[in-house]
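> Any chance you can model this:
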Amino acid sequence: MSQSLLQTEPDSSIAEAEAPRIGQSFTILSWNLLRAVGAPLDEVVAVARSVKPDIFLMQEAIGTFDRLPQILGGHYARIPLPDRIHGTACWSRFPFARPPVSCALPSGVMVKRTAQLIDFGSFSIANVHLSHGQILNRRQLRRIAPMLRHNALVMGDFNLIGPTLMPGFRDVGPREATHRMADVLPIRIDRCMVRGMTPLETAVLPNQSSDHHPIRVTLRLDAPDRHRGFFQRLKDRQQLKDKG
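Okay, here's the model as predicted:
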C-alpha cells in the first residue's frame, strides 16, 4: 500500500466548496467496492485523486474507508447495513446540510437493506445498494422517492435489470455494462436516476479490484418547471378520456 497515497495530511489539491445551486453543475462518482475483498483504500484514494469528483458514493464500504476525510479532506459519512460490517458511504467536497441518515427499505429474507439519504440543501441524494429481487428493488425505489427534494438523484448499485419504473425520475447514467453476472454476463446494474437535473456527461470507468466498475455523471441543477404540473394533469385527463 503506497504511503504517498495514504498521507495523513488532507490533500490540498481537493478544495472544499459550497454546494451547487440552480444552474450550476457538479460531478458525482459511484462505486461498489466489494467489501473487504475488493477495492482497498489506496485504490479508492487514487480514483478520487484522478477523477476529482465533487461527491463520491460508495457501496459495500467497510470501516477502513473512514480514513478518507483524513487523507482527502472534505466531508464523509458511512452507514453500515444492519448486522453487516459494510454499507453505504459518501465523501464530498460540499458540506452536508445535515448529517446523512439511514432509511430502512422493504427488505428480503437474507439482507436488511437501507438507503443513505444525503441532503446538500439545494438538492438531495439517495445512495443505494438495492436487493436482487426485481419486484422488491422497484418497491425500494418507490419508498425512497418521496423522501427526497425536488432536485434529487438516486445512485448506486440497483441490482436491477430493465426499466426502474420510478415515476418522476429519469435514468441518466451511462449505458455500458458495469458488472459481470456470474463473471460471465455483462449487465448494467449501477445506475443514476435524477429529478430536476440535466445530465452533461457520463462514463463507466475502468474496473480494478472490485467486481463493479465505477460510474461518473456530471449533472446541472434545473429550475423548477412551474408548468409541468399543469401539462401533466392535461395528459392524465386525455389518457382517461381515451380509455373511457
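> where do the helices sit along the protein?
Assigned by DSSP state H, the helices in the chain fall at 41-51, 68-72, 136-144, 228-243.
> List the buried residues in the first one.
Across helix 41-51, burial judged by 16 or more other C-beta atoms under 10 Å covers L41, E43, V44, V45, V47, A48. All C-beta spots, glycine's among them, are computed from the backbone N, C-alpha and C.
> From K112, how far off is S122?
Distance from S122 to K112, counting by C-beta to C-beta, to the nearest Å: 31 Å.
> Hmm, I typed the wrong one, I wanted W31.
Taking C-beta to C-beta as the measure, W31 falls 22 Å from K112.
> Between the two, point out the one with more neighbours.
Neighbours per residue, other C-beta atoms under 10 Å: of W31 and K112, the larger number sits with W31, 30 against 15.
> Output the below-cut-off pLDDT ranges for the protein.
The model of the chain has pLDDT under 70 over residues 1-13, 182-184, 226-244.
> Spell out for me which residue occupies the centre of it.
M155 (2.7 Å; C-alpha atoms, centre = their mean).
> Quick check, that one in contact with T202.
No: using C-beta atoms under 8 Å, M155 is not in contact with T202, being 11.4 Å away.
> any shared contact partners between these two?
Here M155 and T202 have G173, C192, V217 as joint contacts, going by C-beta atoms under 8 Å, 6 or more residues apart in numbering.
> now, which of those sits nearest M181?
Proximity to M181 was ranked across these by C-beta to C-beta; first place goes to G173, at 17.7 Å.
> got the contact list for that closest one?
G173 is in contact with M155, R188, D190, R191, C192, M193, T202, I215, V217, counting by C-beta under 8 Å, 6+ apart.
> From V44, how far out is it?
Going from G173 to V44 by C-beta to C-beta gives 20 Å.
> ok, A126 - how many residues close by?
Neighbour tally, A126, other C-beta under 10 Å: 25.
> how close does H213 sit to P186?
H213 is 10 Å from P186, by C-beta to C-beta.
> what about the two, which has more around it?
Shown here are H213 and P186; by other C-beta under 10 Å, H213 has more neighbours (22 against 10).
> From what I see, the more buried one and N207 are in contact.
Yes: between H213 and N207 there is a contact at 4.6 Å, judged by C-beta under 8 Å.
> residues shared between the contacts of those two?
Joint contacts of H213 and N207 (C-beta under 8 Å, 6+ apart) do not exist.
> Straight-line length of stretch 37-55, end to end?
With C-alpha to C-alpha, to the nearest Å applied, stretch 37-55 spans 24 Å between its terminal residues.
> List the contacts of it.
Stretch 37-55 has contacts (C-beta under 8 Å, 6+ apart) with 1-2, 5-6, 11, 13-14, 17, 20, 26-29, 31-33, 56, 58, 60, 64-65, 67-68, 71-72, 90-94, 125, 205, 208-211, 214, 216.
> ChimeraX command to pick out the buried ones of these?
Applying 16+ other C-beta under 10 Å to those, the buried members can be selected in ChimeraX as follows:
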select :5,11,14,20,26,27,28,29,31,32,33,56,58,60,65,68,71,72,90,91,92,93,94,125,205,208,210,211,214,216
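> From the contacts of stretch 37-55, which land in strands?
When DSSP state E defines the strands, the subset of those inside them is 26-29, 31-32, 56, 58, 60, 90-92, 125, 216.
> Would you reformat the residues you listed as CSV and include distance to I144?
Shown next, in CSV, are the ones in strands among the contacts of stretch 37-55 (distance: C-beta to C-beta, whole Å):
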residue, distance to I144
F26, 20
T27, 22
I28, 16
L29, 20
W31, 20
N32, 18
F56, 20
M58, 18
E60, 19
C90, 15
W91, 21
S92, 19
I125, 10
R216, 22
